[in-house]
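Student: Structure for the following, please:
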Amino acid sequence: MLDILLPAWICGMILSLLSAPLGAFVVWRKMSYFGDTLSHASLLGVALGLLLEVNPYFAVIVIVLLLACLLVWLENYTAFSTDTLLGIIAHSSLSLGVVAIALMDNVRVDLIAYLFGDILALSYSDLYWVIGGAVIVLLLLIRLWRPLLATTISVELAQVEGINTRKIQMILMLMTALTIALSMKFVGALIITSLLIIPAATARRFSKTPEQMVLLGYFISCSAITLGLGLSALYDTPAGPSIVIAASALFMLSLFKREQQ
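Tutor: I've put the predicted structure just below:
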């Protein structure tokens, strides 16, 4: 049992290093629907991968990165709100994926595997993918932390300070998209989206500074992964959804804390 749980637990700890800071920005910028949009778009990536006879996971990475770029471009050059654009992209890409798969003959796709992943099937060799992606995203986060924070607080003030806000916004979108795409093979698009949002929302209730929120979000995410994997081991429940249930339970417990006046 330990040989199965340990790689999954290590993977979760590494992914939490990414989901904690990125999740904070997702919550601050009200980008929660962005993760859902990419999880919908993953089906289009899977369909194109099968159609072009390439690894579906590589196709998913390309598709979500392209859609992140498309979203930033549409935000800058159209008058539509972000949630409207996200809704259009999410449902259009999902529909295109479904139609593309329907047109393929003798192809069966296990969508559950792409949406929820199979974290218990991880091996130590699979961790290299997670570590490689984590290093790239973490280096970018460390280098761009202050510009990211400045543009989140006030775009106008960030522009006055000489920060290229469009570039920073694009990088944030790409980092989030890359994290979701790389994690999809292991924990699924829906699970990593939940780890981006729920721990950050929980940590926000107890934090006074951005750094404190990120640190607390990391520990909450790690706790949810540990509890979820323990629940899966004890009661033979699906590991991914068990992690989300544990994170949701921690969030519900946080609601008992009174808001400061």
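Student: Render the CA-only coordinates of stretch 143-154 in PDB, please.
Tutor: What follows is stretch 143-154, C-alpha atoms only, in PDB (Å, rounded to 0.1, in the frame of the first residue of the first chain):
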ATOM      1  CA  ARG A 143      11.100  36.200 -10.400                       C
ATOM      2  CA  LEU A 144       7.700  37.900 -11.100                       C
ATOM      3  CA  TRP A 145       6.100  37.800  -7.600                       C
ATOM      4  CA  ARG A 146       6.200  41.600  -7.100                       C
ATOM      5  CA  PRO A 147       4.900  42.500 -10.600                       C
ATOM      6  CA  LEU A 148       2.200  39.900 -10.300                       C
ATOM      7  CA  LEU A 149       1.200  41.200  -6.900                       C
ATOM      8  CA  ALA A 150       1.300  44.900  -8.100                       C
ATOM      9  CA  THR A 151      -1.000  44.200 -11.100                       C
ATOM     10  CA  THR A 152      -3.400  42.300  -8.900                       C
ATOM     11  CA  ILE A 153      -3.700  45.200  -6.400                       C
ATOM     12  CA  SER A 154      -4.100  47.900  -9.000                       C
END
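Student: mind checking how far that stretch is from the chain centre?
Tutor: 19 Å (Cα atoms, centre = their mean, to the nearest Å).
Student: What residues sit buried inside that stretch?
Tutor: Across stretch 143-154, burial judged by 16 or more other Cβ atoms under 10 Å covers Leu144, Pro147, Leu148, Leu149, Ala150, Thr151, Thr152. In short, each C-beta sits where N, CA and C put it, glycine included.
Student: can you pull the pLDDT of the first one?
Tutor: According to the per-residue confidence, Leu144 scores 95 in pLDDT.
Student: Touching stretch 142-150 from outside, list them.
Tutor: Identification of contacts with stretch 142-150 by Cβ atoms under 8 Å, 6 or more residues apart in numbering yields Pro21, Phe25, Leu141, Leu157, Ala158, Glu161, Ile163, Ile168, Ile171, Leu172, Pro210.
Student: Backbone dihedrals for the fourth one, both of them.
Tutor: Pointing back at Leu157 there. Dihedral angles phi and psi of Leu157 (degrees, to the nearest 10) take the values phi -70, psi -40.
Student: re earlier: which ones among the buried residues of stretch 143-154 lie within helices?
Tutor: Leu144, Pro147, Leu148, Leu149, Ala150, Thr151, Thr152 (DSSP state H).
Student: Any chance of those in JSON lines with distance to Asp236 as columns?
Tutor: Listed next are those as JSON lines, based on distance: Cβ to Cβ, whole Å:
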{"residue": "Leu144", "distance to Asp236": "43"}
{"residue": "Pro147", "distance to Asp236": "46"}
{"residue": "Leu148", "distance to Asp236": "41"}
{"residue": "Leu149", "distance to Asp236": "43"}
{"residue": "Ala150", "distance to Asp236": "48"}
{"residue": "Thr151", "distance to Asp236": "45"}
{"residue": "Thr152", "distance to Asp236": "42"}
